[in-house]
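Peer 1: Fold the following for me, if possible:
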Amino acid sequence: MTSNVIAPGPIAGTEGMERLVGDEGRKSSQAGVPLGRYGLVKEIADATVYLFSDAGNYVNGEVLIVDGGSWRAPLTGFGVDLSYPNNVLMGEIPKGAKSGRKEKL
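Peer 2: Purely as a prediction, here's the structure:
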């Protein structure tokens, strides 16, 4: 018996995204996805086809995340714009967070 899960991110043209962000929040919400756009229903279908195909017949007990990298993108807040790609381009560390870098003496 195999058991796999597909965990979709924000998918364009779905009722869920229309209810969650509507027209007003779409641009800022899409900017938070590292690929810069919402996913497509076809991309979720492609993940399903993979799991049911011979290519995925030995995959078991996995959570296949199909979200354009959203689960890896930091959240906004902490007094710094942490939305992707601004967080990478600015290189700022949120207040109260340790950088992990060694300080020069």
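
Peer 1: List of residues touching stretch 46-57?
Peer 2: With CB atoms under 8 Å, 6 or more residues apart in numbering as the test, stretch 46-57 has contacts from Asn4, Ile6, Val59, Leu64, Val66. (Each C-beta comes from the backbone N, C-alpha and C, glycine too.)

Peer 1: The first one: neighbouring residues, count only.
Peer 2: Meaning Asn4. 16 (other CB atoms under 10 Å).

Peer 1: Could you measure from it over to Leu40?
Peer 2: Between Asn4 and Leu40 the computed distance is 20 Å (CB to CB, to the nearest Å).

Peer 1: Out of the contacts of stretch 46-57, grab the one that's most surrounded.
Peer 2: Counting neighbours by other CB under 10 Å, the top entry in the contacts of stretch 46-57 is Val66, with 19 neighbours.

Peer 1: Skipping its backbone neighbours, what lies nearest it in space?
Peer 2: Excluding its sequence neighbours, the residue lying closest to Val66 (CB to CB, 6 or more residues apart in numbering) is Ala47, at 4.9 Å.

Peer 1: for the chain, what helix or strand is lowest in average pLDDT?
Peer 2: Ranking every helix and strand in the chain by mean pLDDT, DSSP states H and E puts helix 86-90 at the bottom, with a mean of 62.

Peer 1: Of the contacts of stretch 46-57, just say which sits nearest to Met17.
Peer 2: Using CB to CB, Val66 comes nearest to Met17 of the contacts of stretch 46-57, at 14.2 Å.
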